[in-house]
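*Asks:* Sharing a model that was predicted from the sequence below.
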Amino acid sequence: MDFGDPAGSLENFPAGAKMKEAAAFGVLYLPVPVIDVYAKLGLARLQSTVTGTIPNASIVTLPVCGPPVFQLDRTNATVAGGAGVQFKIASVAVCGEYERFNAAGGIPGLVSLGLTWAFPWARDEPRRPPRPTVTRRRG
């Protein structure tokens, strides 16, 4: 998941940040009628990069070179969790979900709302086992 690439300024010098996350979850569905309620727990890997210019460093450096630029890269792996609900009507489902994990400098979270459509042959309906074939030998 890409959290974006915001940019701004630090004392009128350009600065930016970039964050990406990859996660793997185990999901537990709770026995609730009509809607699907689930909880999830897993691992998340957050990769962040911060870039910018050091303000007021031009006093030390030569004016021809300009102020020094910095880049900070950090990768965290942490436990992540979430919960969600899903409501199905035939092949269409509306779902809402919340995810949260710990990261250096904060606890980011994600709220999402989605609409899915399942192909008719891929529904969660029970399938009948094939009928056994009986062959008789005449002897």
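*Replies:* In hand now; what should we look at? Numbers count the residues shown, from 1 in each chain.
*Asks:* low-scoring stretches of this structure, by residue?
*Replies:* 1-5, 9-11, 55-67, 104-105, 121-137, 139 (pLDDT under 70).
*Asks:* ranges for the strands of it?
*Replies:* Ranges of strands in the chain, per DSSP state E, are 7-10, 13-30, 35-53, 69-89, 92-101, 109-117.
*Asks:* Output the ones you listed as JSON lines; include the columns mean neighbour count and distance to residue 138.
*Replies:* Heads up, the C-betas are built off the backbone N, CA and C, glycines and all. Formatted as JSON lines, the strands of the chain follow (neighbours: other C-beta atoms under 10 Å; distance: least, C-beta to C-beta, whole Å):
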{"stretch": "strand 7-10", "mean neighbour count": "11", "distance to residue 138": "84"}
{"stretch": "strand 13-30", "mean neighbour count": "14", "distance to residue 138": "53"}
{"stretch": "strand 35-53", "mean neighbour count": "16", "distance to residue 138": "54"}
{"stretch": "strand 69-89", "mean neighbour count": "14", "distance to residue 138": "52"}
{"stretch": "strand 92-101", "mean neighbour count": "16", "distance to residue 138": "54"}
{"stretch": "strand 109-117", "mean neighbour count": "11", "distance to residue 138": "53"}
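*Asks:* Report the contact partners of residue 51.
*Replies:* With contacts defined as C-beta atoms under 8 Å, 6 or more residues apart in numbering, residue 51 is in contact with 15-17, 69-72.
*Asks:* where's it relative to residue 70, distance?
*Replies:* Look at residue 51 and residue 70: by C-beta to C-beta, to the nearest Å, they are 7 Å apart.
*Asks:* Identify the residues contacting stretch 77-95?
*Replies:* Outside stretch 77-95, the residues touching it (C-beta under 8 Å, 6+ apart) are 23, 25, 34-46, 96-103, 113-120, 123.
*Asks:* Go again with 7 Å.
*Replies:* Contacts with stretch 77-95, where a contact means C-beta atoms under 7 Å, 6 or more residues apart in numbering, come from 23, 35-45, 96-103, 114-118, 120, 123.
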